[in-house]
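Asker: Prediction below, plus the sequence it came from.
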Amino acid sequence: MVPSTQNQTGATGSAPTLLVVEDEPLIRMDLADCLRIEGFTVVEASGPQEARQVLSSGVSIACVLTDLHMPHRDDGLGLLRWLAAERPELPVFIASGVPDSLTLARQENDAIVAAFDKPYHADMIAAEVRAMLARKTHA
């Protein structure tokens with residue numbers, strides 16, 4: 001887990017904190033670095049267990065970006081179920097290389113804002129996150 005130095009969201013001048021959950025280290029680091037360049041604060045988690053630890057720690061997270069299919073029993077679908085039960089207000093973005101994953105994911109959590117096919121482009125994810133945060137601010 002890479003801790004965030006910024007834990008406020010919504011305050012003027014503060015960078016929203018995003019939680020990136022990805023089991024592939026190079027993909028996770030690349031996405032996190034790109035999102036930091038885009039102006040976000042990023043906390044990285046290597047899987048659902050680490051993500052739950054971050055979310056239970058009190059760090060203020062604006063949204064979660066998670067890989068959907070990770071090669072363990074406790075995968076992205078399990079994380080979606082946990083988020084639906086424990087943090088239903090938290091927006092979720094998913095990424096997957098498996099076709100039709102969004103349908104399956106929506107059965108687990110209806111807070112999914114968008115789904116991205118792998119390989120994805122970090123600038124597209126950053127734009128979607130910005131749009132979601134703008135909608136929340138104006139709501």
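Answerer: Perfect, thanks for sending it.

Asker: elements contacting the worst-scoring helix or strand of the chain on mean pLDDT?
Answerer: In the chain, no helix or strand scores lower on mean pLDDT, DSSP states H and E than helix 101-108, which sits at a mean of 78. The contact analysis (3 or more C-beta pairs under 8 Å, 6 or more residues apart in numbering; DSSP states H and E) places helix 101-108 against helix 76-86, strand 92-96, strand 112-117. In this view, the C-beta of every residue, glycine as well, is placed from N, C-alpha and C.

Asker: Would you format the ones you listed as a markdown table with distance to Glu38, mean pLDDT and mean neighbour count included?
Answerer: Converted to a markdown table, the helices and strands packed on helix 101-108 look like this (distance: least, C-beta to C-beta, whole Å; pLDDT from 0 to 100; neighbours: other C-beta atoms under 10 Å):
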| stretch | distance to Glu38 | mean pLDDT | mean neighbour count |
| --- | --- | --- | --- |
| helix 76-86 | 23 | 92 | 19 |
| strand 92-96 | 14 | 91 | 23 |
| strand 112-117 | 15 | 87 | 17 |
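
Asker: returning to that earlier point: now the least confident helix or strand of the chain: buried residues?
Answerer: Residues Ser101, Leu102, Ala105, Glu108 are the ones in helix 101-108 that count as buried (16 or more other C-beta atoms under 10 Å).

Asker: what's the longest helix along the chain packed up against?
Answerer: Ranked by residue count under DSSP state H, the longest helix found in the chain is helix 122-138. For helix 122-138, the packing partners by 3+ C-beta pairs under 8 Å, 6+ apart come out as helix 25-37, strand 63-67, strand 92-96, strand 112-117.
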